[in-house]
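*Asks:* Predicted model follows, preceded by the sequence.
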Amino acid sequence: MSTDDAFAEAYRAHYWAVSRFVARRLDGQALEVEEVVAEVFSIAWRRRAELPDAPLPWLYGVARNCLANTVRGLGRYRRLLHRLGNHEAAHRRQTVDSPDAERPGSWVHEALARLSPADQEVLRLTAWEELTIEELAVTLGCGHSAAAMRLHRARGRLRTQIERMRRRDTARPEAPPPRPDAPPAPAPAPRPATPRPLSPHPVPTRAGGRRHD
């Protein structure tokens with residue numbers, strides 16, 4: 001297969017996988033996603049002689065570099081908007097780390113956000129993109145042992161964060177104590193008086209009548 005054919009095959013087979021990879025890291029920014037994906041395959045075309053037999057991890061590696069440049073550019077753009085006083089537009093263009101609808105549970109998601117960007121990326125590559133250690137090494141541009149060690153350490157740090165959050169939630173009181181400035185609780189309503197029963201023996205009155213107590 002010629003290099004041109006290899007590129008065409010990689011494009012047809014992996015375009016949407018690369019698009020999802022980029023979209024997960026640039027949530028809600030369709031224009032930027034399209035631009036990054038186009039740049040990835042432009043680079044792949046120029047370097048088509050380097051395409052491996054299994055090109056997807058290699059394409060992910062190219063996409064990571066393109067994303068880094070894009071994120072830096074977005075950061076510079078937001079700083080410029082702040083200097084110009086356009087705070088609303090600056091905040092509207094912020095990126096998030098976990099746009100995927102199939103995000104993990106709340107504990108795992110919060111724990112992941114507490115990790116370094118490098119640890120987050122390693123865990124996403126193996127969870128979202130389901131890369132093997134060999135593919136992870138190609139994507140990260142490192143050796144097999146280094147990729148395995150980075151994944152092992154990232155998983156360990158994730159478990160540590162989850163355990164800390166569990167201990168925090170376990171130690172949290174069920175109900176917060178009342179605030180010093182909180183208004184006092186309303187007093188209970190008075191109970192209605194019980195009527196006295198009538199006496200079975202009549203009592204004479206001044207008018208000669210009789211009444212019952």
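*Replies:* Yes, it's here.
*Asks:* Which residue is the nearest non-sequential neighbour of residue 141?
*Replies:* Nearest non-adjacent residue to residue 141, counting by CB to CB, 6 or more residues apart in numbering: residue 61, 5.8 Å away. Where C-beta positions appear, they are placed from N, C-alpha and C, glycine not excepted.
*Asks:* wait, doesn't the one you found sit right on residue 140?
*Replies:* Yes - contact criterion CB atoms under 8 Å: residue 61 and residue 140 qualify, at 7.1 Å.
*Asks:* what's the neighbour count on residue 150?
*Replies:* Counted with other CB atoms under 10 Å, residues neighbouring residue 150 total 20.
*Asks:* check contacts around it.
*Replies:* Neighbouring residues of residue 150 by CB atoms under 8 Å, 6 or more residues apart in numbering: 118, 122, 140, 142.
*Asks:* now, which of the residues you listed lie within helices?
*Replies:* Among the contacts of residue 150, DSSP state H puts 118, 122, 140 in helices.
*Asks:* Emit the ChimeraX select command for whichever of the residues you listed are buried.
*Replies:* Filtering the ones in helices among the contacts of residue 150 down to the buried ones (16 or more other CB atoms under 10 Å) takes a single ChimeraX command:
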select :122,140
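*Asks:* Out of the ones in helices among the contacts of residue 150, which is nearest to residue 45?
*Replies:* Nearest to residue 45 out of these is residue 140 (CB to CB; 22.8 Å).
*Asks:* hang on, isn't that closest one packed against residue 147?
*Replies:* Yes - in this structure residue 140 lies within contact range of residue 147 using CB under 8 Å: 5.8 Å.
*Asks:* What about residue 132? Give its phi and psi, please.
*Replies:* According to degrees, to the nearest 10, the main-chain angles of residue 132 amount to phi -80, psi 170.
*Asks:* Give me the neighbour count for it.
*Replies:* Neighbour tally, residue 132, other CB under 10 Å: 12.
*Asks:* which residues sit in contact with it?
*Replies:* For residue 132, the contact set (CB under 8 Å, 6+ apart) is empty.
*Asks:* again, but for the one 5 residues further on
*Replies:* Residue 137 makes contact with 143-144, 146-147 under the criterion CB under 8 Å, 6+ apart.
*Asks:* if you set the cut-off to 7 Å instead, what comes out?
*Replies:* Residues in contact with residue 137 (CB atoms under 7 Å, 6 or more residues apart in numbering) are 143-144, 147.
*Asks:* would JSON lines of those residues with distance to residue 129 be doable?
*Replies:* Below are the contacts of residue 137 laid out as JSON lines (distance: CB to CB, whole Å):
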{"residue": "143", "distance to residue 129": "19"}
{"residue": "144", "distance to residue 129": "17"}
{"residue": "147", "distance to residue 129": "13"}
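*Asks:* What about those, which one has the most neighbours?
*Replies:* Among the contacts of residue 137, residue 147 has the most neighbours (other CB under 10 Å), with 24 neighbours.
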